[in-house]
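Trainee: missing the sequence, but the structure's below:
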């Protein structure tokens, strides 16, 4: 069996293009407070930064406090690749952040993380 030399160039190119497609979704780049971090006092705001610009109408974030109650206040604000929401801190413990975003490439992603408040 004889393989043409052009095949050796086409297959890696196809693999590269396929892997680029999977990386095209908006993923969480970083957050403030940082993912898994411990802060001394409850933040007034949670800000998430993504790898792509977001569609504001279809992107949301919720924050729950230590006893499971929602502590996010108002609608999430989206600007470019950042999404922020105000929060009312309720004291020490674990806070859960859940997000769902639609990026400008029309792909939806979601995820969650926690951060700690306390001494």
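Mentor: The structure has been received and is ready for your questions. Keep in mind it's a predicted model, so treat the numbers as computed, not measured.
Trainee: Bridged to the closest residue to residue 84 other than its chain neighbours, which residues?
Mentor: Once flanking residues are discounted, residue 84 sits nearest to residue 47: 4.4 Å by C-beta to C-beta, 6 or more residues apart in numbering. All C-beta spots, glycine's among them, are computed from the backbone N, C-alpha and C. Bridge pairing for residue 47 (DSSP bridges) gives the partners residue 32, residue 84.
Trainee: who touches residue 47 in this structure?
Mentor: For residue 47, the contacting residues are 31-32, 82-84, by C-beta atoms under 8 Å, 6 or more residues apart in numbering.
Trainee: Kindly reformat those as CSV and extend each row with neighbour count, pLDDT and distance to residue 93.
Mentor: Formatted as CSV, those follow (neighbours: other C-beta atoms under 10 Å; pLDDT from 0 to 100; distance: C-beta to C-beta, whole Å):
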residue, neighbour count, pLDDT, distance to residue 93
31, 20, 97, 18
32, 16, 97, 19
82, 15, 98, 26
83, 24, 98, 23
84, 16, 98, 22
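Trainee: Would you indicate which residues of stretch 106-113 are buried?
Mentor: For stretch 106-113, burial by neighbour count (16 or more other C-beta atoms under 10 Å) applies to 109, 113.
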